[in-house]
Structure formats: structure tokens, C-alpha cells
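1. My questions are about this predicted structure, shown below with the sequence.
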Amino acid sequence: AQNNAAAQNNAAAQNNAAAQDEVHSIGKDSAYSFFLSSNIIAWVLAIAVLATQALCYTLFIDAASLDFENDRIWIYAFSCPRNNLDCRRTSDLTSVGWIFFTLFALVYLICDMWSGLKLVWGVSKHGVSMKSFQVFIGGCSLFSITALALYATVVYNFATSRSTVDMIFNTVVLLFVNELDEKLFTSLHVICPIWLERTTTEIATNFKGRVAMNIQYAASNHQLRSEVTSRITVLEQRSTTVKRNKREIGKLRRSMAKAIRRVNIQIQEQNRRVLELEAFKAQQQQKSHELEQNQVELNAENNILKEKIALLEVDQATKNEDMKKIKATNQNLKSELNKLRAEVETLFLAVQHSK
């Protein structure tokens, strides 16, 4: 009986490990793991990611095709001028670029291709069931999109890469498209974590296998559940306390924010008043400076006027002296004129007596 129980436990452990390996192979943090779910929305998201990646790689492959009738981004390795018979090689691509390309392809793509093949190869252990269909679709999708990514990277680099830097840049850009499923999973973890947790739990439940537990394991599991339940209760109490403290802190923050806003408004008002006073002070200083300039100008004009007055007074004194001289000359002339008149009269009388 003990051997049978041990054999059952070993078989259950192997089934559980195989199921966990399937989930790990398709990617626990990848949107392709949604193929293992029975949720329609999860399938729609997985198909949308698959179609988006396939469309991107198809566009790169189509752009890199050599078509002489339509314009393509194919870059020729040789340049042949019309006026010269010799062609010049314009490609600087070396073996280093292909080495980097090979390393990137091995690191990013080979693991996914091998995981896809493993999933397809392990479909038979589920028999004819819904699980086998889910694993087959997930494995085929993972292998197909990885193979398409490898083909698109090789074709696009062969068509457009003419230097080592171009080779590395194109490889990184194309391999970034291969990470779209993981980026979607990360985005869902931020946008709708409850739905994502429910979906991943359902996948883990469906693919965890059947494990036969003995009585001792069941007892220890029950004890562990009790301890976990008690810890969860303590954590919930602590969470309640933390939430209450957060609410109080939020109230304090809001009140402090209001007080800070009021203080900022008062500070802004004081600053505005200070600016107005400074502007008024500047205006008064400007007016005072103008008055000082006007006073200086007036003083200069007064000095000029005083000088002019002094000159006028000197001129007036000179003119007065000249007038005095002229008056004296006039008096002398008058006296001489009177003498001449007297002499004329005397002569006139003498002439009359002589007649």
C-alpha cells in the first residue's frame, strides 16, 4: 500500500511538473499564455498580439523585397556611375555585424522556437481534449511568430544593412516587436490587475495536474492554511490601520495644502505690494533726479544771467561816462557857438555903422 501511494505521489508530481513546464514554456509573463485559458477575452488579446506581430513582420518583409517596378528600401552594395565603367562598393558591413546578429537571434529567438516545439511535441500526453488543443495552438503560435521574426530580421538586414551599426540597429528594432506579447502582459498588470490575476490563476489551476495528497500532507496543509489565515487576518487589521492612517494623513495633507495655498497667496500679495512700492520708489527717484538736473540747469542759467547783468552794468557805466563826456562836449560847443554868435553880431553891427 505504501509503494502504491508513493507511486501515485510520484506520478502526480510528474504531472504537476509537466503542467508547470508547459506554462513556463509558453511564458508566464507573456500574452501567449492566454491560449491556455478558457476566457474568450484572453483569447482575443492573444490573437490580437499574434496578428499585430505578424503584420509588422510582414510589412518589413514586403519592404525588403527586391522589386524593380515599385520603389523599395533595398540598398545596393555597389554603386555604378553612368560615366564610369568601374563600380564602387558602398557597403561597410563586416563579419562583426553578422556576429552580433547571430548572438541577438540566439539569445532572443532560439529559446522561444524551442519552447514552441516542446509544446507541440507534448500535446499527445493530454489526449483528445481541450487542453491539447490549447497547448497545440499556443505552441504553434509561439513557434510560427518566432520563425517569422527570424526570417524578417534576416531578410530586412540583408536588404538594408550596409554597416555594422545598421545591422545592430535593425536587429534591435525588429526584435523589439517580438517583445510585444510581454509588454501587453505588463500593461494588463497595471491596467486591470484583478482580471489578469483571475486569468493566470485559472490557467495555473487548469494545468497544475492532479496531486494525490496523503493524510500527513493534508494535515500539514490544513495547519499551513490556518497559519496563513491568521496572518492574513493580522495583515488585514494592519491594512485597515494603515488605510485609516493614510486617510488621516490625507486630511492633514489637504489641510496643510490649503494653509500653504493661503500663505502662498499672502506671500504673492506681499510681493505684489513690494513690487508696487519699489516701482513707486523708482518713479520718485527718477523725479528727484530730474528735479536735481533741473535745479542744476537753473543754477547754470542764473549764473549766466548774473554774468550778463554784470556785463550790462559795466556797459551801462561806460555809456554813462560817454554821456557825461558828450554833455561836456555839447556845453563847450554851445559856449563856442554863443561866442561865435556874439562875434557875428558884433561884425554885423560894425558893418552897419560903416555904411
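-> Arrived safely. Numbers count the residues shown, from 1 in each chain.

2. For the rest of this, base every contact and every neighbour count on C-alpha atoms.
-> Noted.

3. and Trp98, what does it touch?
-> Thr164, Met167 (C-alpha atoms under 8 Å, 6 or more residues apart in numbering).

4. Any regions of the protein where pLDDT drops low?
-> Within the chain, the stretches with pLDDT under 70 are 1-25, 27, 66-94, 126-128, 161-163, 208-226, 228, 355.

5. As a check, name the ranges of all helices in it.
-> Applying DSSP state H to the chain gives helices spanning 2-26, 40-63, 95-105, 111-121, 130-160, 164-177, 180-191, 193-206, 215-354.

6. need those in CSV with distance to Phe34, can you?
-> Output for the helices of the chain, formatted as CSV (distance: least, C-alpha to C-alpha, whole Å):
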stretch, distance to Phe34
helix 2-26, 9
helix 40-63, 5
helix 95-105, 25
helix 111-121, 14
helix 130-160, 8
helix 164-177, 19
helix 180-191, 10
helix 193-206, 8
helix 215-354, 29
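
7. between those, which gets nearest to Tyr32?
-> Comparison of these against Tyr32 by C-alpha to C-alpha identifies helix 40-63 as nearest, at 5.5 Å.

8. Next, the angle from the closest one to helix 130-160.
-> Between helix 40-63 and helix 130-160, the angle comes out at 20 degrees (axes from the mean of the first three to the mean of the last three C-alpha atoms, to 10 degrees).

9. tell me which residues of helix 40-63 are tucked away?
-> Using 16 or more other C-alpha atoms under 10 Å as the test for burial, helix 40-63 gives 42-43, 45-47, 49-50, 53-54, 56-57, 60-63.

10. Out of these, which comes closest to Thr160?
-> Nearest to Thr160 among the buried residues of helix 40-63, with distances taken as C-alpha to C-alpha, is Ala63, at 9.8 Å.

11. for stretch 321-334, the distance to its chain's centre please.
-> Taking C-alpha atoms, centre = their mean, to the nearest Å, one finds the center of stretch 321-334 at 105 Å from the center of the full chain.

12. do the same with stretch 309-327
-> 91 Å.

13. Next: stretch 197-206.
-> Distance of stretch 197-206 from the chain centroid (C-alpha atoms, centre = their mean) equals 37 Å.

14. on that earlier part again, tell me the one among the buried residues of helix 40-63 nearest to Asn330.
-> When those are compared for distance to Asn330 (C-alpha to C-alpha), Ala63 wins out at 126.5 Å.

15. Just the closest of the buried residues of helix 40-63 to Asp181, please.
-> Closest approach between the buried residues of helix 40-63 and Asp181, by C-alpha to C-alpha: Val49, at 6.1 Å.

16. hang on, the closest one packs against Leu180?
-> Yes: counting by C-alpha atoms under 8 Å, Leu180 is a contact partner of Val49 at 7.1 Å.

17. between the helices of the chain, which gets nearest to Ser33?
-> Among the helices of the chain, helix 2-26 comes nearest to Ser33, with 5.8 Å by C-alpha to C-alpha.

18. doesn't Ile99 make contact with Thr164?
-> No: judged on C-alpha under 8 Å, Thr164 makes no contact with Ile99 at a distance of 9.7 Å.

19. So between these two, which is more surrounded?
-> Using other C-alpha atoms under 10 Å as the criterion, Thr164 and Ile99 rank with Thr164 on top: 20 against 14.

20. ok, and the closest non-adjacent residue to that one?
-> Among residues not flanking Thr164 along the chain, Gly97 sits closest, at 4.4 Å (C-alpha to C-alpha, 6 or more residues apart in numbering).

21. Isn't that neighbour up against Val165?
-> Yes: the pair Gly97 / Val165 is scored as a contact, 7.4 Å apart, by C-alpha under 8 Å.

22. quick one, which of those two is more surrounded?
-> The residue with more neighbours, out of Gly97 and Val165, is Gly97; 21 against 14, by other C-alpha under 10 Å.

23. list the contacts for that one?
-> Each residue near Gly97 by C-alpha under 8 Å, 6+ apart is listed here: Ser163, Thr164, Val165, Met167, Ile168.

24. let's see it at 7 Å
-> Counting by C-alpha atoms under 7 Å, 6 or more residues apart in numbering, Gly97 touches Thr164, Met167, Ile168.

25. In CSV: those residues, plus distance to Glu336.
-> Shown next, in CSV, are the contacts of Gly97 (distance: C-alpha to C-alpha, whole Å):
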residue, distance to Glu336
Thr164, 132
Met167, 133
Ile168, 133
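
26. Relative to Lys339, which of the residues you listed is nearest.
-> Thr164 (136.5 Å).

27. and the gap between the closest one and Val155?
-> The gap separating Thr164 from Val155 is 16 Å, by C-alpha to C-alpha, to the nearest Å.

28. got it, and Val314?
-> Distance of Val314 to Val155, computed by C-alpha to C-alpha: 113 Å.

29. Of the two, give the one with the bigger neighbour count.
-> Ranked by neighbour count (other C-alpha under 10 Å), Val314 and Val155 place Val155 first, with 18 against 12.
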